[in-house]
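S.K.: the following comprises the amino acid sequence and a computationally predicted model.
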Amino acid sequence: MKLWSANVRMMGKLTVITVAMFAFGYALVPLYNAICEMTGINVLALGDRNIPGSIEALPVNTQVDASRTITVEFDANSRGPWEFKPAQRSLQVHPGEMATVMYEFQNVQDRRMSAQAIPSYAPQQAAAHFNKLQCFCFNQYTLEPGEKKSWPVVFVIDPKISRDVKTITLSYTFFEVGGKTPAAPVADATGQIKAGAGT
């Protein structure tokens, strides 16, 4: 009888502890929010509270120079039997604005190949202001026979670029790794891309 009575008391204690733990856990969320709001510790919660519901109210990116537009032309040269081209030939962007262009490649040979692209710019002064955030030219790639790939180039043109620059040509030369590296295309006096030496 004593054992049964002790078990009942123990079950009662465990039940009280379980209910108290549940109530404490349930109360933690509003308690945490109240403390964070009073102390200002939860910066994300404060930011969410202050942002209006419409996306138009978000702050404007002050890095973008909307007062001018630069035309970026895309060019592709290949040194070997494969297909390589930009998905679009040109794009108009504001300096400071992030933009993306896709390049398409296909290995039309009946063998596996490894290749890499080398970028060049016209006019040459644009190179220092053409910032690539993502580019297939950063890596070498191995493609199986007939394999197709599409790669993005994500870039931003520095707003500090000269106002005289109205057009930039981004040119890639795609070559097979292991062979002789071709000279990168260069621009002539008119700003047109021409093949480098050895072509």
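M.R.: It's in. Everything quoted here is computed from the prediction, not taken from an experiment.
S.K.: Arg163 and Arg68 touch, don't they?
M.R.: Yes - contact criterion C-beta atoms under 8 Å: Arg163 and Arg68 qualify, at 6.7 Å. All C-beta atoms are positioned from the backbone trio N, CA, C, and that covers glycine.
S.K.: how confident was the prediction at Pro159?
M.R.: We have a pLDDT of 92 for Pro159.
S.K.: also Val64?
M.R.: pLDDT, Val64: 86.
S.K.: and it, what does it touch?
M.R.: His94, Pro95, Gly96, Glu97, Pro159 (C-beta atoms under 8 Å, 6 or more residues apart in numbering).
S.K.: which of those fall in helices?
M.R.: Under the assignment DSSP state H, the contacts of Val64 contribute nothing to helices.
S.K.: worst-scoring helix or strand of the protein, pLDDT-wise?
M.R.: helix 43-50 (a mean of 43; mean pLDDT, DSSP states H and E).
S.K.: tell me which residues of the helix or strand that that one is followed by come out buried.
M.R.: Next in sequence after helix 43-50, counting helices and strands by DSSP states H and E, comes strand 70-79. Within strand 70-79, the residues that count as buried by 16 or more other C-beta atoms under 10 Å are Ile70, Val72, Glu73, Phe74, Asp75, Ala76, Asn77, Ser78, Arg79.
S.K.: quick check: the two most widely separated of the residues you listed?
M.R.: Pairwise distances across those (C-beta to C-beta) peak at 28.6 Å, for the pair Ile70 and Arg79.
S.K.: kind regards, and thank you for your time.
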